[in-house]
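Visitor: just to be clear, the model below is a prediction. Sequence and coordinates:
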Amino acid sequence: MNKTLLCIILLFAAASLNAQDVTGSWEGMLEIQSARLPIVFHIERNDSLLTSTMDSPDQGAFGLPTTRSSFRENKLEIIASGLGLLYRGTLENDTITGTFSQGGISFPLVLRRSGKPLLQRPQTPQEPLPYISEEVIIPNSDKSFSLSATLTLPDSPGVFPAVILIAGSGPNDRDETLYGHKPFLVISDHLTRNGFAVLRYDKRGVGKSTGNFDKATLRDFADDATMALNYLRQRKEIDNLKIGLLGHSEGGIVAPMVASVEKEVRMMVLMAAPGITGIEVVLDQNEISMRQQAMEPGTIEKLQMLNREMFESLLSWDGSENHRTALRDKLLHLWNQLPILLKMKINKESYLRSQFNAMIKPGYRSFLAVDPASYLEKVSCAVLAVNGENDLQVTAEKNLTAIKKALGKGGNNCMTTKVYPGLNHLFQESTTGRVDEYAKITQTISPEVLSDITNWLIKETK
């Protein structure tokens, strides 16, 4: 979960093309003022659906997923809603000539075929797999949208304990694909090999799932996880008395939202889950980011006061012109306080527009407003909460302390917590814990964490 907005502009795009003609890898150079940013797109076919990922090598970002894409009559359109990006282009021979837009600012981007760089991800499971993997569709009650999911089952007769995986923030697919890593695929594989059924799903409006991701709130994501829970209850292979939830990052808020109501949930694993309010999480992330940029303490304090005021104003957002004008004014005031060297690296209008558009999204505003303690206090099942010592997105000590306090306040003493030295937000063995390190690390998730989670789940299902 990286909710940091201040001082960070991610210039990412993603592409998907007609699989019959343009599967493969494409690269181009995005030119922004005096900067040149190489972009690589990878297009694949999954059944009748085209999927694509994007690399931004100079930013250390690999395997970033898209939200939606289409290719008709040589016309390409790609939307990456989580990043506020749009790409449109026309294919002719081995060249796609188009325009990349972010926050209303457009740049030309020409793509040409390229060789796909090999990413070393040794933990990614390779077929053939020693268990059953089934593609399933989970419709919501009024059938207005559906979740596309994968259910893995041990390849043996029996009724199995089950775990539902709930991804973090952003338009995540069922594998929680990030920087070329597939942590949920690795976790699912490990658990299924150890006797668990595992259900993982594309978020609404992402991958093969239908619905609208851009309009979804934390409550919507909790409803989706409840849909997954109800689906498992109907499967004859599942032991209904032994179903658990595993949430990573923002998914670690969604899981308690479900478990606080669905009392039949047997156990819950929280990986790098927030225990403090959404506003406090974002402020912590901003402060860490500013320290990394070597800002003066006085400047950080001033900017944090402005950030808090702005975030708190979003709690009563109603979309009116008065509120929109007030937010624009706050963002402009924030811009005027940024250090001059930083402003020289950022386009002002692009910054203001992108920050505004990101902040007014229902999902972002619902995150700012959430207090995980209000749900954790109502959770009665066994809980395992883990964090990495190098986590710079959801800091370990502050959030684990808050989780333990909330569970204890509700009378739940069946909790286990652990902090892992040297692990980052993705539970990789890291040096700095910074986001730009994620893609460079070949390990997807620490074997110690996989083992600890599996052994804890086995103990709780006996």
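Guide: Now that the structure is in, tell me what you want to look at. Quantities reported herein were computed from a predicted structural model and do not represent experimental measurements. Numbers count the residues shown, from 1 in each chain.

Visitor: the strands in the stretch 251-400 of the chain, which residues?
Guide: Counting by DSSP state E, counting those that start in this stretch, the stretch 251-400 of the chain has strands at residues 267-271, 382-388.

Visitor: which one of those is the most hemmed in?
Guide: Most buried of the strands of the stretch 251-400 of the chain by mean neighbour count (mean count of other C-beta atoms under 10 Å) is strand 267-271; its value is a mean of 27. C-betas here are computed from N, CA, C, even on glycine.

Visitor: returning to what we had before: output the strands of the stretch 251-400 of the chain as JSON lines; include the columns mean pLDDT.
Guide: Shown next, in JSON lines, are these (pLDDT from 0 to 100):
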{"stretch": "strand 267-271", "mean pLDDT": "98"}
{"stretch": "strand 382-388", "mean pLDDT": "98"}
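
Visitor: adding distance to residue 68, write those out as JSON lines.
Guide: Formatted as JSON lines, the strands of the stretch 251-400 of the chain follow (distance: least, C-beta to C-beta, whole Å):
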{"stretch": "strand 267-271", "distance to residue 68": "28"}
{"stretch": "strand 382-388", "distance to residue 68": "32"}
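
Visitor: so where's the stretch 101-250 of the chain shaky on pLDDT?
Guide: For the stretch 101-250 of the chain, the stretches with pLDDT under 70 are 103-104, 116-119.

Visitor: how about 90 then?
Guide: Counting by pLDDT under 90, the ranges of the stretch 101-250 of the chain that qualify are 101-107, 112-120, 141-143, 170-171, 177-180, 207.

Visitor: next one: the stretch 251-400 of the chain
Guide: 292-294, 338-355, 358.

Visitor: out of the strands of the stretch 251-400 of the chain, which is closest to residue 241?
Guide: strand 267-271 (11.1 Å; C-beta to C-beta).

Visitor: partners of the closest one in the sheet?
Guide: Strand 267-271 has its sheet partners listed here by DSSP bridges as strand 238-248 (parallel), strand 382-388 (parallel).

Visitor: now those strands in TSV, with distance to residue 448?
Guide: Below are these laid out as TSV (distance: least, C-beta to C-beta, whole Å):
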stretch	distance to residue 448
strand 238-248	16
strand 382-388	10
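
Visitor: looking at these, which is nearest to residue 149?
Guide: So among the strands paired with strand 267-271, strand 238-248 is nearest, using C-beta to C-beta, at 13.5 Å.

Visitor: list the buried residues for that closest one?
Guide: Residues of strand 238-248 classed as buried by neighbour count (16 or more other C-beta atoms under 10 Å): 238, 239, 242, 243, 244, 245, 246, 247, 248.

Visitor: next: stretch 317-333.
Guide: In stretch 317-333, counting by 16+ other C-beta under 10 Å, buried: 317, 327, 330, 331.

Visitor: excluding chain neighbours, what is closest to the third one?
Guide: If you skip the residues right next to it in sequence, residue 330 has residue 310 as its closest partner in space, 4.5 Å away by C-beta to C-beta, 6 or more residues apart in numbering.

Visitor: tell me the contacts of that neighbour?
Guide: With contact taken as C-beta atoms under 8 Å, 6 or more residues apart in numbering, residue 310 is in contact with 327, 330, 331, 334, 359.

Visitor: of these, which is the nearest to residue 159?
Guide: Nearest to residue 159, judged by C-beta to C-beta, of the contacts of residue 310 is residue 359 at 46.7 Å.

Visitor: so that closest one versus residue 427, what's the distance?
Guide: 29 Å (C-beta to C-beta, to the nearest Å).

Visitor: neighbour count winner among these two?
Guide: More crowded of residue 359 and residue 427, by other C-beta atoms under 10 Å: residue 427, with 26 against 19.

Visitor: nearest to residue 404, of the buried residues of strand 238-248?
Guide: Of all the buried residues of strand 238-248, residue 404 sits closest to residue 247, with 16.6 Å by C-beta to C-beta.
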